[in-house]
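1. generate coordinates for the sequence data below:
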Amino acid sequence: MIIRVSRDRLDQVLSLLDKSRVPFRTVRIYNEDLIVTWPDAKVDDKAIKAIDPNAVIIEVKAKYQLASNKWRGRTVIDVNGVRVGGSEVVVAAGPCAVESYEQVRETAVAVKEAGARMLRGGAFKPRTSPYSFQGLGVEGLKILRKVGDEVGLPVVSEVMDTRMVGTVAEYVDVLQIGARNAQNFDLLREVGRTGKPVLLKRGLGNTVEEWLQAAEYVMLEGDGNVILCERGIRTFEHSTRFTLDIGAVVVAKQLTHLPICVDPSHPAGKREYVIPMALAAIAAGADMLLVEVHPRPWEALSDAEQQLTFDMFRELMSKAREVARAIGRSL
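-> Presented below is the predicted three-dimensional model:
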């Protein structure tokens, strides 16, 4: 249950809930002070109304109460002037991994010219094999920040460790939580406390409900700036790297007020599959795309087969504009 009461009656309502042994959290989110009670708690609506006749009490049966659209319309998240979740489809593009200043700068210039609104890049890389390239770490973050400032693009990058949240937050505009950390609840809480926008990828084996409940961990810390990202799930199918769950995009749009992003690069696994998957995502209602682009993908230190060339990215953006226009949106 989500409860709005006037500030001068807040303490009285909290005292009532305490005496009634109702578990709750107070959250300041979207410039509103809210009381969030646990979904299975029994709340005396009449007693609250007796304290504050103007109280608004919204029963949300889902376990992801703050992420649910039962209490709020569509949320638009502002990332340094780039609005995610509005009528415009936003594209974040850049290399899978930061390899050098020159590589990131060349990519940033190219993707911005093609229409990208954010720069993505991995400084810390969670790789399946410990022998694979693990990223440049803090040096990679510094490169991303420098290039982002020079070119004029907000920066998106992944944080993997609770001990590094503060450091990563110093350099990036959006904190990305990768699929392998989608249910690292301590990390979700920690990024929620930064107040920075969070791009939350769906775990490889997570249901849509589990994905939304992961967002709830971030939001209960008072951070409503969560962008949900579908990046493919693991199924029996091996013709693609992962299975891009377009249905999950449609379902999530029906269940939540949060913007939905799609990463077509990881489920594709091969660059020739990325463009069709990206176009399908826009048609399904995605508010944002996260695309891997590299000046010379065949030389990339990670995920070489799925990164687009500059020419392919320009082709994607040209076709994406047409698809967006067809469904009444822009890019």
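2. where are the low-confidence patches of the stretch 1-150 of the chain?
-> Within the stretch 1-150 of the chain, the stretches with pLDDT under 70 are 127.
3. in it, which spans are helices?
-> Counting by DSSP state H, counting those that start in this stretch, one finds helices in the stretch 1-150 of the chain at the ranges 7-19, 45-51, 101-114, 138-151.
4. output the ones you listed in JSON lines; the columns should cover mean neighbour count and distance to Leu228.
-> The way it works is simple: take the backbone N, C-alpha and C, and place the C-beta from them, glycine included. As requested, the helices of the stretch 1-150 of the chain are exported to JSON lines (neighbours: other Cβ atoms under 10 Å; distance: least, Cβ to Cβ, whole Å):
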{"stretch": "helix 7-19", "mean neighbour count": "14", "distance to Leu228": "30"}
{"stretch": "helix 45-51", "mean neighbour count": "14", "distance to Leu228": "31"}
{"stretch": "helix 101-114", "mean neighbour count": "19", "distance to Leu228": "22"}
{"stretch": "helix 138-151", "mean neighbour count": "19", "distance to Leu228": "23"}
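5. so which of those helices is nearest Gly121?
-> For Gly121, the closest of these is helix 138-151, at 5.1 Å, according to Cβ to Cβ.
6. give me the angle between that closest one and helix 101-114.
-> 40 degrees (axes from the mean of the first three to the mean of the last three Cα atoms, to 10 degrees).
7. hey, C-alpha coordinates of helix 138-151 in PDB?
-> Written as PDB, here are the backbone C-alpha positions of helix 138-151 (Å, rounded to 0.1, in the frame of the first residue of the first chain):
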ATOM      1  CA  VAL A 138      39.000   3.700 -13.100                       C
ATOM      2  CA  GLU A 139      41.200   4.800 -16.000                       C
ATOM      3  CA  GLY A 140      38.400   3.700 -18.300                       C
ATOM      4  CA  LEU A 141      35.900   5.800 -16.300                       C
ATOM      5  CA  LYS A 142      38.200   8.800 -16.600                       C
ATOM      6  CA  ILE A 143      38.400   8.300 -20.400                       C
ATOM      7  CA  LEU A 144      34.600   8.100 -20.700                       C
ATOM      8  CA  ARG A 145      34.100  11.200 -18.600                       C
ATOM      9  CA  LYS A 146      36.700  13.200 -20.600                       C
ATOM     10  CA  VAL A 147      35.200  12.100 -23.900                       C
ATOM     11  CA  GLY A 148      31.600  12.600 -22.800                       C
ATOM     12  CA  ASP A 149      32.400  16.200 -21.700                       C
ATOM     13  CA  GLU A 150      34.400  16.900 -24.900                       C
ATOM     14  CA  VAL A 151      31.700  15.600 -27.300                       C
END
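8. and the helix or strand following that helix, what does it pack against?
-> Under the assignment DSSP states H and E, the closest C-terminal helix or strand after helix 138-151 is strand 155-158. The contact analysis (3 or more Cβ pairs under 8 Å, 6 or more residues apart in numbering; DSSP states H and E) places strand 155-158 against strand 118-120, helix 138-151, helix 165-171, strand 174-177.
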